[in-house]
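Colleague: Next one to model:
(5 chains)
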Amino acid sequence: MADVAALRRTVLEILPRVDLVIGWQRGPDALRAAPLLMRNAADVDRLIWDRTCVHNLATFLPREKGKKVAIIVKGCDSRSVIQLVQEGLVDREDLTVIGLPCDGVVSQAKLRRAADMDRLESAEIGADHVEITAAGKTLRMALDAVMPDKCLSCAYPNALLFDRFVGDPMEPPQQRQDPYARLDAFEALPLEERFDFWKREMSRCIRCYACRNACPLCVCRDYCLAESRQPHYQSQESDVREKWFFQLIHATHLAGRCTECGECERACPMGIPVLLFKKKLGRIMTELFQYEAGLDVSATAPLLTFQAEEENIVEKQWL
Amino acid sequence: MSKRANPYLPQPGTIIDVVEETPAIKTFRVVLDDPEAMLDFRFLPGQVAQLSVFGAGEATFVINSPPTRMEYLQFTVLRTGEVTARLHALGVGDHVGVRGPLGNHFPVAQLRGRDLLFVGGGIGMAPLRTLLLYVLDNRADFGHLALLYGARTPQDFCFGEELATWGARRDIDVVRTVDAPAEGWDGRVGLVPHVLEELRPTAEGCTAVTCGPPVMIRFTVQALEKLGFGPERIVTTLERRMKCGVGLCGRCNIGSVLVCRDGPVFTKAELDLLPNDY
Amino acid sequence: MAVTQRFFLAHEGPGGVAAWLSAMAETMRVMTPVREGISVVFRDHSPEAPLDFGGLDTAGPKAAVFPQTEYLLRYRAERTAPVGGHRGVKLEEVRPEGDVLLFGASPCGARGLTLMDQVLLRDGVEDPCYRIWREHALVAAIVCQAPYSSCFCNWVGGAPDDARGSDLLLAEIEDGFVVEAVTDKGLAAVRERLAVATEEQARAAAERAEAARAALPAPPDLDDCPARLNAAFDDMDFWNEAAAGCIHCGACTYACPTCTCFNITDEASGLAGERIRTWDSCMFPNYTQEAGGHNPRPTRAHRLRNRVLHKFAFHPARFGEFSCTGCGRCIRLCPMGLDIRTIIRTIEPRTATQTTESRTGRAKEAKHV
Amino acid sequence: MKIGVFVCLCGSNIAATVDVETVAESARGLPDVAYAKAEMYACSEPGQAAIRAAIEERGLTGVVVASCSPRMHENTFRRAVERAGLNPYLFEMANIREHVSWVSLDKAANTRKASELVRAAVEKLRCNRGLQRSRFDVHKRAMVVGGGVAGIQAALDLAEGGLTVALVERESSIGGKMAKLDKTFPTVDCSTCILGPKMVDVAQHPNITLYAHSEVESVSGYVGNFSVKVRRRATFVDWTKCTGCGLCMEKCPSRKGPDRFNERLATTTAIGIPFPQAIPKKATIDPDACLRLTKGKCGVCAKVCPTGAIDFEMADEMIEEEVGAIVAATGYDVFDPAACAEYGAGRHPDVINSLQYERMLSASGPTRGHVVRPSDGREPGTVVFVQCVGSRDLSLGRPYCSGFCCMATAKQAVLTRDHVPDAEIIVFYIDIRAPQKGYEEFVNRAREEYGVRYCRGRVSSIYRVGDKTVVRGADTLLGAQMEVEADLVVLAVGGQPSEGARALAEKLRISSDQYGFFMEGHPKLRPVETNTAGVFLAGACQGLKDIPSSVAQGSAAAAKALVLLSRDKLESDPQVARVNPKRCIGCGKCVSVCPFGAIRLVETRFGTQVAEVVEAVCQGCGVCNVACMDKAIQLDHFTDDQILAEVNALCREWRVAN
Amino acid sequence: MSGMACSELKIIGFLCNWCSYGGADTAGVARFRQPTDLRIIRLPCTGRMDPLFVLKALLGGADGVLVSGCHPFDCHYSSGNFMARRRLEVLARFLPVLGIDPRRFVYTWVSAAEGAKWQAVVTAFTETIHELGPAPRVLDPDDAPLRFKEGREIWPT
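Modeller: Residues are numbered from 1 along each chain as shown, chains lettered A, B, ... in the order given. You can find the predicted model right below:
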């Protein structure tokens, strides 16, 4: 990974030409970061770059539309930027992208399962391990064990779109997990179990919309169908049907756009694995259209076009 | 189960008349279905009620008929969202819900004996109408009356007939203005705060009551202060901020004040004590 | 309600947790914390499901007495006569029914109920459904043994063994819980059913609570916090910076044990429908949206400012205490890692020239080799 | 809303298997329904009168009729409610005949189904909004793109119909492919003799402005109000001065430029008029061949030109045309047989394509009408025609039949007999397609009277042996391999969309099929319209066709445009998409999915972008509505709320009154 | 109408106005008998068909959803059905991850002339839905026990 000093130098160079630079700072504990919006040199002192920098900062870009913004991105984050540029949701001219190489971050969800993260005292992240002292106990874990799935199957360790690249580009790390491993495991369950699984998971949802608001491609914001009365897609009732339906709105609106960055699931305070929906759609997009979102600013999303003869669609035949 | 009044419960009412004021504004006259409730319905000018269209929801409106005329409760409604659109689709005989009266009222006791300047813009004329009619019904208690009423175009004035009546009276000065010159309009042209400064009303002994869109209020208040109206002598209403109307939902706060419980009527002096959050 | 009698609820056996819950379940709904994935939520108690008191209930106990959706009224239009004409509307008030035992709440969550009471049960006007839920809910909280890093209950006058808001306060010792009956309602639930705790048991419980209290770092002085916040109201640079990472979701407010803001909407189906009350969040843009289009709090900075000031300045101005129990849920659950403690501790009035300086640097770097 | 529901018995058509009284009674329990009644024949005059009376007497503000298919009577009832003062879009139909009473005999199930369909219609109606048709002005002028026979016919008919016409032709003369033909089938009359007068008419018609040597650069606007930029390519000759005397051609020293009019069978001068009957008869300089323009030397033409029309500095010129309708008549290009290597076209001099042969047959052609072998100029003894070259060939991506080649070959075979009476004439064919009037007879005459030998079979290869060209193929009827030593081989090439057709389609926002032919609005019912209102098709650009069909389509397209522009104002269908600019985030997904180019992004006064629908162009398909994520764009009359209301009405548990 | 053991189920059809709605009319005019479960919603074009309508229906109580439009190349709006085909194919493949049997949703093409095909489609689809039985409900009136087996957790990552 690139060193933070070099990153800070680059930011300081760029800062005078832009309104703000978006990066990360230390968050509430040693393994949590928080976004940092840098407007002046003093802010840059707080900039960090390490394996806790999980947030996909692209989510702030549409909110800052109209300003000259520089953003620091990992490989996966850069795909969201590409997608936003492709959709005209951010202006490339207003944007300076600082690309980073990254071979993985740490997952709070996985850390939580392994250790008493709420009583974290100190942490040390090594080249291939994490050592955590929490609630008086010290635990040493392989880095792979606490990385998000997306890092274990990462194909794009380097930012794909950048104006400045800090550090040396990396070879894609060895794929340690199939990108669809969790989806496969889920789809191995019988249909009715899957249905009931979602009923239980969605019943925990508190309709806080963290999933939506963390999503870099959820750009409707104030006019989301979740709360809209005209059109009135769903009621405000907090029953499973409405909560689930909202996830389906989110997922279908991301079909062919989602880069599977996982922010929705990471943001969910109730630990609902909503990324599964998007993973499924991602796989469908690959199967049907050999399309992966967020790789090419000039591509056309598959659901915004068509072919008269679709190679991979076999239509229903009636006897 | 404790028997306390349910603050969310509207009273059933029926629309007895609909007046189309402008293409986007209608006035509804409503009577409560329970005659006793109608008799018990006591309020003062500036108080509001929540009108329910069942299935669409509730919205806050000033009761713009004066408490001195209780044949019906009148609400003037600008079509903006779902509830108001559904209200606009209703006609005579249709049922609505009325929850109120809610909030405080214009300080009629303090206004007694003073000159009054009403400054209204667009739909903001509705709250002023209540007070104006109340004052006219108690004409002897008040001093000189003046009304400055601005609308975007000549078609956007509400209460056309009444305006004509008031204009014909000697005991009230009525000035109307539109934002831009328009065909067939021989009245004043210009934004309300500008016209106000041109008119140069006397601040001495006078209290100004103003209501309209947020931007208009802001500049009107500035103009009034320039004209010498002290903060105690400028009164406005923030009923557009109100949500549940009964001080429970928490959403109408300005600092520690809840507009629906402590307002919606405030003097400039009172607002000056609050954070700038409205 | 000065009740100081203590009882003992064993982990196992007759007079144990399972037996007591079963007995309680005969007359009321019993909800217990269940671990699902990485969350802990209250679910209907099932004797087979293992109880889990190891973690803070993720979203707090609020929903048990202030459900995310409350049905306020039902309405129903009358049928058209064959000749046609206007129809009346029948209104029916909806009231929640049934008692509920909320077993295993956190004291900070339970204490939130007292702060919610201040808003929803104030003199003159009160929320009828909330009143019923409160009267029908029995809250059994469990004293915290070891604080989380996000805990700051002692900043706002709370403690790991704060009894406020609970009907029963349980303190875990070696082989069970020492149960303090905080209210008469609580007392009634245990008096006939549980043995009185021995003095030794009571002392063990007190010692543990004391240890938990001691484990919390010393709190900063927040006496002048409301004044400092009010003074910084117009310092938009500060609020912009504080809200920089905020994505204005509702995680903090929905998990907050004191947040009570709500929205009222109608949901119709055919001739009938309901008026419902659902949680609202001051972090949402629609929260203050006016029908005319004006929004007095257009940015997340405005909204974050209101959230912080509401808790630490506006609510105290009315009710004399912070509207915060220091439970830290907003910190734990914030997807972006925002920490309200930073704001209330560091904010101070600034002059214009100071506005660009950083004031939030905190030495919390992990060692990254 | 006050809704009236009228349940039609349709005599016994509905009443026999649906209990209409029960349906009406269930309607009385629906929201906003103030009146519900069964009617014997709702569509009859008494039925309509009853509906109108109920609207007037009961103050209904919306009407549902449960009867037959809306495809049958929606307009009837819309007019009826409109006559009673209601907006016609405050009306809905429930189809309880075609979809209910006629497809099941189970009265209980039918009655339930009918009631639910009425419920859905009422729920939708409650979300309806009165819609207004908007009216807009039109330019009473048309443009025809392409001056072949189809375009000429269209332009003449439009001009005769009273419109002014701008005719845009890419070449320096109109006439198209037909001008290159010697004779036409099946009458074997002279092509130029019948086309020439029409071309002259074009030149002389006061209503026609001809832009030759010009192309459509860009098109904006919409039906009735197109704005077309026409690029007049530089001719280097001032046509206002050129008299077409031809002196420049005589003196031009550059004589090696390809003669495109003669299909490159010959070379020609750098300056010239393509053929004697050219319209306009004006000279043009080929800048690639001109010595002055390529090397800076020469300038002879300028010296000899009696009117001083030569202008070497001339540049392309842009002309802006405002028109109400556009007819695309861009024709076709012949297939280049070089793609079929086994036929040796381009390699063997005596293998030519059918259009080249046509020029050879023509008295004004490069051989002055003599049939010769290009290799040595001798008269051929054996002439072989190979059909279906570049047609009906999946391996070339051309599975379609070009339609005209069978007849053209028969004609050329007959003409060959006239030119070379002793020649052996052989035609290799796969099938003979001769379906029109007189065609089959013509082919038979070729065989029987003109001694043309038709061999059924595909030619596998053509190769050169000495000065002969050997055609190898199979006669599938005889089941024998055949080898013919030919002197001249004519490949009957098929057609393909003309070069630039796809680019023009994009400019016109019309669609093309997989080959690049323009798509008609409906293959049967709207053969000359496109899905872009105001754009019509004529001739081979829509699909390959022969002259009579092209002419017919030219007239048809003209008639359609005349109908359109006969009105002073056009009315737009109010069932169009509408943008709520407050919700719109300006992402432009609607713009990219709209098949009609009806949506554009415009800048707001805040500097942001929002979508805007050009009502006159929108056809109301609703593709945009789905693509829009926050549903800022809604298709009127089929809004999300309207469809969701139907879904909810049919799906969700229903709480009935009382 | 074989295999229709249980009573009517809820099937929603979304039909384009120009082809399939006409096809259904044609079937009616020809008196082709069909099962009665289907309720048809008319759309201008399958291009108007939002996958969310299908999901709304399936979560809202429908047991099956059928979408039918013009055959490829026959769309009244030239490409609405092509757009729809992609959207609906994606949806069809998406349903299993929700635990919804993909056979409950079908999209197809029926022209205005194909009354007989319409009859065949309706009959076959209705039979399929009856074979599958009522769809699982999101909101169980009696709070039916979850069939999800504890321990088979799918964790957030």
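
Colleague: Not counting sequence-adjacent ones, nearest residue to the residue nearest the centre of chain C?
Modeller: Chain C has C:Pro257 as the residue nearest its centroid, 1.3 Å off, counting by CA atoms, centre = their mean. Setting aside the residues directly before and after it, C:Pro257 is nearest to C:Gly112 in space (CB to CB, 6 or more residues apart in numbering or on different chains), at 2.6 Å. From N, CA and C alone the C-beta is placed, and that goes for glycine too.

Colleague: confidence score at that neighbour?
Modeller: We have a pLDDT of 95 for C:Gly112.

Colleague: same deal with the one 4 residues further on?
Modeller: Reported pLDDT at C:Met116 in the predicted model: 95.

Colleague: likewise the one 4 residues further on?
Modeller: pLDDT for C:Leu120: 94.

Colleague: Neighbours of it, how many?
Modeller: The burial count assigned to C:Leu120 is 25, neighbours taken as other CB atoms under 10 Å in any protein chain shown.

Colleague: and it, backbone torsions?
Modeller: Torsion angles at C:Leu120 (phi, psi; degrees, to the nearest 10) stand at phi -90, psi -20.

Colleague: Equivalent analysis for the one 3 residues further on, please.
Modeller: Dihedral angles phi and psi of C:Asp123 (degrees, to the nearest 10) take the values phi -60, psi 140.

Colleague: Over to A:His253?
Modeller: phi -70, psi -10.

Colleague: How about the contacts made by the closest residue to C:Asn286 other than its chain neighbours?
Modeller: Residue nearest to C:Asn286 in three dimensions, not counting chain neighbours: A:Glu227, with 6.0 Å by CB to CB, 6+ apart. A:Glu227 makes contact with A:236, C:284, C:286, according to CB atoms under 8 Å, 6 or more residues apart in numbering or on different chains.

Colleague: So for the longest helix along chain C, what gets flagged as buried?
Modeller: For chain C, the helix with the greatest residue count under DSSP state H is helix C:199-215. Within helix C:199-215, the residues scored as buried using 16 or more other CB atoms under 10 Å in any protein chain shown are C:201-202, C:204-206, C:208-209, C:212-213.

Colleague: And stretch D:87-105, by the same measure?
Modeller: For stretch D:87-105, by 16+ other CB under 10 Å, it's D:87-104.

Colleague: Now look at it and say if it contacts chain B.
Modeller: No. Applying CB under 8 Å from any CB of the partner chain, one finds stretch D:87-105 out of contact with chain B, separated by at least 10.8 Å.

Colleague: Can I get that stretch in CSV? Just the C-alpha atoms.
Modeller: Output in CSV follows, covering the C-alpha atoms of stretch D:87-105 (Å, rounded to 0.1, in the frame of the first residue of the first chain):
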residue,chain,number,x,y,z
ASN,D,87,-62.4,15.5,-19.8
PRO,D,88,-62.1,12.4,-21.9
TYR,D,89,-59.2,11.1,-19.9
LEU,D,90,-61.3,11.0,-16.7
PHE,D,91,-62.7,7.8,-18.2
GLU,D,92,-61.7,4.2,-17.8
MET,D,93,-62.9,0.9,-19.3
ALA,D,94,-63.0,-2.5,-17.8
ASN,D,95,-63.0,-5.2,-20.4
ILE,D,96,-65.5,-7.7,-19.2
ARG,D,97,-66.5,-9.1,-22.5
GLU,D,98,-63.5,-10.2,-24.6
HIS,D,99,-61.5,-11.0,-21.4
VAL,D,100,-64.3,-12.3,-19.3
SER,D,101,-67.7,-13.2,-20.6
TRP,D,102,-66.5,-14.7,-23.8
VAL,D,103,-63.7,-16.8,-22.5
SER,D,104,-65.4,-18.6,-19.6
LEU,D,105,-68.8,-20.0,-18.9
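
Colleague: Appreciated, that's everything.
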